[in-house]
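Peer 1: Starting from these lines, generate the structure:
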Amino acid sequence: MKLYNVKLLTITCEILAQKNIIDILNKHEITGYTTYEVDGNGARGIRGQGFKNEKNVKVEVIMREEKLQDVVEEISRTLFADFAIVIYVSEVGVLRSEKF
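Peer 2: Numbers count the residues shown, from 1 in each chain. From the prediction side, this is the model:
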C-alpha cells in the first residue's frame with residue numbers, strides 16, 4: 001500500500017463565513033471539501049449553543065500543496081477582519097492521489 005503526501009486544510013469559522021470560504025475554494029478550482037457544524041469555546045466565548053447564525057462550522061479540504069498558500073492567503077486577507085476564523089494545516093497520506 002502506497003500513501004501519497006498531501007495537505008489537510010482545516011478551517012473553523014463562524015457559520016456566516018461558510019459561503020465566503022466555499023466561494024474562495026471554488027475560485028481556486030477546489031471542489032472537494034467536507035463541512036460540519038461544531039460547538040466549542042474560545043476567545044469569543046461558547047459558540048454553537050444558540051441561534052443558527054451563532055454556530056461554528058468546520059471546513060476540511062484535502063489538497064495538494066501547490067494551491068494551499070494562495071487559498072490560505074486569500075482567506076486571511078479577505079475574511080480575518082470580519083469573522084472569527086482558525087486555520088491549520090496537517091500532513092496526511094492518501095491512497096488515491098488522483099482525487100486531489
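
Peer 1: CA only for contacts and neighbour counts going forward, please
Peer 2: OK.

Peer 1: Name the single longest helix found in the protein.
Peer 2: The residue-count maximum for a helix in the chain (DSSP state H) belongs to helix 65-79.

Peer 1: Partner strands of whichever helix or strand comes after that one, with direction?
Peer 2: Counting by DSSP states H and E, the next helix or strand C-terminal to helix 65-79 is strand 85-94. Paired neighbours of strand 85-94 in the sheet (DSSP bridges): strand 4-14 (antiparallel).

Peer 1: what comes up buried for the strand it pairs with?
Peer 2: For strand 4-14, burial by neighbour count (16 or more other Cα atoms under 10 Å) applies to 6-14.

Peer 1: can you list contacts of that strand?
Peer 2: 53-65, 68, 83-97 (Cα atoms under 8 Å, 6 or more residues apart in numbering).

Peer 1: quick one: the spatially most central residue of the chain from Lys27, how far?
Peer 2: Nearest to the geometric centre of the chain sits Ile11, at 2.9 Å (Cα atoms, centre = their mean). Distance, Ile11 to Lys27, by Cα to Cα, to the nearest Å: 17 Å.

Peer 1: Also Arg77?
Peer 2: 15 Å.

Peer 1: next one: Thr34
Peer 2: For Thr34, the distance to Lys27 equals 17 Å [Cα to Cα].

Peer 1: for Val71, same thing?
Peer 2: Applying Cα to Cα to Val71 and Lys27 gives a distance of 9 Å.

Peer 1: and those two? which has more neighbours close in?
Peer 2: Val71 (18 against 11; other Cα atoms under 10 Å).

Peer 1: Might you report the residue contacts of the more buried one?
Peer 2: Per Cα under 8 Å, 6+ apart, neighbours of Val71: 24-25, 28.

Peer 1: Give me the buried entries from these.
Peer 2: Buried among the contacts of Val71 (16+ other Cα under 10 Å): 24-25.

Peer 1: quick one on the thing from earlier: are any of the contacts of strand 4-14 buried, and which?
Peer 2: By neighbour count, with 16+ other Cα under 10 Å, the contacts of strand 4-14 hold 55-63, 68, 84-85 as buried.
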